[in-house]
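coords please:
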Amino acid sequence: MRIQLLALLFLAYTPSYTQSASKTPNIVLIFLDDVGNGDLSSTGALSYSTPVIDQLASEGLRFTNYLAVQAVCSASRAGLLTGCYPNRIGFSGALGPNSKVGIHADEMTMGELVRQKGYMTAIVGKWHLGDAHQFLPLQNGFDEYFGIPYSNDMWPVDYDGNPATADSRKAKYPPLYIYDGNEKSIPIRTLDDQAKLTSLYTERAVSFINRNSGKPFFLYLAHSMAHVPINASERFKGKSKQGLYGDVMMEIDWSVNEITKALRANNLEKNTLIIFTSDNGPWLNYGNHAGSTGGLREGKGTSYEGGQRVPCILYWKGRIGAGKISNSLVSSIDIFPTVAALLGAPLPSKKIDGISLLPIINGDYTAQPRKEFYYYYRRNNLEAVRQGDWKLVLPHPTRTYLKYPVGKDGYPGEVDENFPGEMALYDLRRDPGERYDVQSEFPEIMKNLQALAEKAREDLGDELLSKPGNNRRPSGQLE
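Residues are numbered from 1 along each chain as shown. Next comes the predicted model:
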C-alpha cells in the first residue's frame with residue numbers, strides 16, 4: 001500500500017514539473033562576429049571542420065534564408081536585442097569608445113523581456129550598444145556582464161600587434177578592457193591577450209549555467225571572434241589547414257561544445273533552446289583573416305546577400321525535430337518576439353518589427369511568418385527591399401570589395417566605400433548571388449516592390465531622398 005501511495009505521488013508530481021519546465025525554457029543565444037554563410041563545415045567551409053555546430057544543425061533546425069538585420073556591428077546587435085529595425089530606434093553603424101549615444105532606457109532589451117518571467121540574465125562577450133555607464137548591460141536588463149564594450153579592433157594597437165604610433169588612426173583609441181559588471185577588469189593589450197578571449201568567455205558562460213541550473217536563465221554569448229584582429233589559444237593555433245582563421249573557427253566550435261556539455265551535465269538540454277548565428281557577413285578585405293559568404297555577393301557593410309545572409313541554427317532537444325530545414329525568409333529581429341511567444345512574456349508597448357517564428361519551431365517548417373524585409377544601412381539609407389524571393393536593390397552608394405586585392409595576415413586591403421550601386425531586381429530563388437538583373441522581365445514585380453520601398457520610407461525614412469520617416473525613435477543620449 002505504501003509503495004502504491006509513493007507511486008501515485010510520483011506520478012502526480014511528474015506532470016507538474018514537466019509542464020512548468022516547458023513554460024520556462026532556458027535560452028542560450030550564441031552570436032558570432034563577422035562569420036559568413038560559408039564558414040561552417042556544414043555550409044561548405046574547407047580545410048577545417050566545425051563538427052559540434054554541424055551536429056546542432058543535424059539534430060535541430062537550420063535556416064537557409066536568415067538575414068542579419070544590418071551588416072554592421074552596433075546596428076545588428078541593437079536589432080537582435082530589441083526586435084526592431086536599428087534605424088527605428090536611432091542606431092546606425094558601429095559605435096566607438098566614449099560614444100555619446102547608446103541604447104535608450106525606454107527600449108526593452110531581450111534581457112528585460114525575459115526578466116518579466118523571472119529569468120536570470122547574462123551577457124558574456126561583446127556588447128557594442130554604448131560604453132557609457134547608463135548604456136552598459138547591467139543598466140539594460142542583464143544581471144551579469146563579462147566582456148568588451150565594443151569591437152576588439154578598437155584599441156591602440158596597430159595591425160602588426162605593436163602599440164599604435166602617433167600617426168596611426170588607432171592611436172586615438174583608449175586601452176581595451178574586459179568589463180566585469182560595470183567595472184574594467186582584464187586589460188587586452190596584445191594579440192596574445194586577444195587569443196584568450198574565446199576561452200575566457202566560454203569559462204564564464206559555463207559558470208553562469210552551472211550557477212543558475214535551478215532557475216530559468218537567458219545567456220547571451222556574444223563572441224568577439226572572428227572579427228579582426230583574430231587569434232586563437234595555443235591549444236588551437238596551427239590546428240587548421242586553412243591557417244589562423246580556421247583555428248579561430250575550430251575554437252569557436254570547441255566553445256559551443258563546452259556550452260552543450262554544461263547543459264547536459266546539469267540535465268538542462270531538453271529544456272534549453274540554443275540559437276546560433278552571426279551579426280553579419282565576413283569583412284572580406286582582410287583576406288585570409290576573413291571568412292566566406294559561400295558564394296553570395298559582397299560582404300560585411302553591404303546590403304547584398306553576402307553582407308546579411310548568415311548561418312542560423314536552432315537546437316532544442318526533444319522539441320525541434322532533427323535535421324529540419326526552413327527556407328523561409330527570417331531575420332535576427334524575429335528572435336525577440338519568438339522568445340516572447342515561447343515564454344508568454346508581454347511585448348513592449350512600442351512598435352517592434354520582428355515576427356514570431358513560433359509556427360516554425362512548433363513543426364511547420366514551411367511556414368512563412370515574414371513576407372517582407374527592408375535593407376537599411378549607413379545613417380538611414382534604404383538600399384533594398386524584399387518580398388518573398390524577390391529583392392529590389394535601389395540606387396545607393398555602396399561598399400565593394402571587388403576592385404582591389406585583399407589584405408593578408410591581419411592587414412586590410414582597400415575598399416571602395418562609395419561605389420555606385422545601381423537599381424536591379426533579383427530573383428533570389430534562382431539567383432542568390434545577385435548576378436542577373438531581371439527588372440525588364442517583371443514590370444509588375446517592380447511595381448509592387450517600389451510600392452514597398454515607399455511604405456518603408458514613410459515609416460522609417462530614407463536619408464538618400466531626405467525623408468525622415470514618421471515612426472523613428474531616438475537613441476539614448478549621454479546624460
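
ok, now which ones touch the spatially closest residue to A171 that is not a sequence neighbour?
The shortest distance from A171 to any residue other than its chain neighbours is 4.2 Å, reached at A164 (C-beta to C-beta, 6 or more residues apart in numbering). C-beta here means a position set from N, CA and C on the backbone, and glycine is covered the same way. Listed by C-beta atoms under 8 Å, 6 or more residues apart in numbering, the contact set of A164 reads P156, V157, D158, K170, A171, Y173.

ignoring the adjacent residues along the chain, who's closest to the last one?
The spatial neighbour of Y173 that comes closest, neighbours along the chain excluded (C-beta to C-beta, 6+ apart), is P156 at 4.8 Å.

what do you get for the fourth one?
Sequence neighbours aside, A164 is the residue nearest to K170 in space, at 4.0 Å (criterion: C-beta to C-beta, 6+ apart).

what's the pLDDT at the one you found?
The model reports A164 with a pLDDT of 97.

quick check: the residue nearest to A171 vs P175, distance?
As for A164, its distance to P175 is 11 Å (criterion: C-beta to C-beta, to the nearest Å).

likewise Q139?
In this structure, Q139 and P175 are separated by 22 Å, where distance is defined by C-beta to C-beta.

of the two, who's got more company?
More crowded of Q139 and P175, by other C-beta atoms under 10 Å: Q139, with 17 against 12.

need the contact list for that one.
Applying C-beta under 8 Å, 6+ apart, the residues contacting Q139 are A105, H133, N182.

kindly recompute the last result at 7 Å.
H133 (C-beta atoms under 7 Å, 6 or more residues apart in numbering).

likewise L129?
S74, R77, A78, G102, I103, F135.

okay, which residue is most central for the protein?
Centrality entry for the chain: nearest residue to the mean C-alpha point is D279, 3.3 Å, by C-alpha atoms, centre = their mean.

give the contact list for the nearest residue to it once chain neighbours are set aside.
Spatial nearest neighbour of D279, excluding adjacent residues (C-beta to C-beta, 6+ apart): S76 at 4.2 Å. With contacts defined as C-beta under 7 Å, 6+ apart, S76 is in contact with A68, V69, Q70, D279, N280, S332.

then T165?
In this structure, T165 makes contact with A171, judged by C-beta under 7 Å, 6+ apart.

run the last query once more with 10 Å
Contacts were defined as C-beta atoms under 10 Å, 6 or more residues apart in numbering; by that measure T165 touches P156, D158, A171.

likewise for T190?
Applying C-beta under 10 Å, 6+ apart, the residues near T190 are W155, V157, G161, N162, P163, K196, N231.

about what we covered before: now do the shared contacts for A164 and P175.
W155, P156, V157.

closest one of these to A262?
For A262, the nearest member of those is W155. The distance, counting by C-beta to C-beta, is 30.2 Å.

can I assume that closest one sits in a helix?
No. Remark: W155 does not belong to a helix; assigned using DSSP: H, G, I helix; E, B strand; the rest coil, it is coil.

which residues sit in contact with it?
With C-beta under 10 Å, 6+ apart as the criterion, the residues that contact W155 are 97, 148, 163-164, 170, 173-177, 187-190, 193-194, 229.
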